[in-house]
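[1] Got a sequence here, can you model it:
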Amino acid sequence: MAAEALPRVQEYLRTHTRGPQAVRVMVEGSEEALVVPRGAVELLARVLAHMANGHSVSVVPEHAELTTQQAADLLNVSRPYLIGLLESGEIEFRKVGTHRRVLAGSILTYKYRDDLRRRAAADELAQLAQDMGPS
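    Next up is the predicted model:
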């Protein structure tokens, strides 16, 4: 179902780039349209894309506090590796008793910065390979 719905939602977003920030959605079996923010439809498109590829999806507010295991799962790293990132100051956290808690927003900020670093490193390697030319 997600794979069928995704192209229609993407087409709507592509063809309605300007206009109201609210979207009227018809609900099957109902006479009334549901009015939702455009941002919700954009999020729906991303959720549908993941679902169409067979991935599960979780929506977590930025202010949600995560356990170290949940944070590690979100980054797809081991818990000990995550704790190393926390202790080195790469990711903000707080302690509740002896337990560490991490804001989802802090994890997403780290992930964004890490992705930028990886892209820059890949670009640098590509430039070096291009400068060296064919062997």
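[2] What separation do you get for the nearest residue in space to residue 60 that is not next to it in sequence and residue 65?
    Computed as C-beta to C-beta, 6 or more residues apart in numbering, the closest residue to residue 60 that is not its neighbour in sequence is residue 104, at 4.7 Å. Glycine gets a C-beta too; all of them are placed from N, C-alpha and C. Counting by C-beta to C-beta, to the nearest Å, the separation of residue 104 from residue 65 is 8 Å.
[3] related to what we said a few turns ago, surely the residue nearest to residue 60 meets residue 62?
    Yes - with contact defined as C-beta atoms under 8 Å, residue 104 reaches residue 62; the gap is 5.4 Å.
[4] When those two are compared, which one has more neighbours?
    Between residue 104 and residue 62, counted using other C-beta atoms under 10 Å, the more crowded position is residue 104 (17 against 11).
[5] Just the pLDDT for the more buried one.
    Looking at residue 104, its pLDDT stands at 95.
[6] center of the protein, which residue is that?
    Centroid-nearest residue in the chain: residue 108, 7.6 Å away (criterion: C-alpha atoms, centre = their mean).
[7] what about the helix or strand containing it, distance to the chain center?
    Following DSSP states H and E, one finds residue 108 within helix 104-132. Distance of helix 104-132 from the chain centroid (C-alpha atoms, centre = their mean, to the nearest Å) equals 17 Å.
[8] cool, and stretch 41-52?
    Here the centre of mass of C-alpha atoms in stretch 41-52, compared against the chain's by C-alpha atoms, centre = their mean, lies 11 Å away.
[9] Over to stretch 24-44?
    With C-alpha atoms, centre = their mean, you get 22 Å for stretch 24-44.
[10] Could you work out the end-to-end span of it for me?
    14 Å (C-alpha to C-alpha, to the nearest Å).
[11] Please report how far residue 124 lies from residue 131.
    Applying C-beta to C-beta, the value for residue 124 to residue 131 is 10 Å.
[12] I meant to write residue 106 there.
    Distance, residue 106 to residue 131, using C-beta to C-beta: 38 Å.
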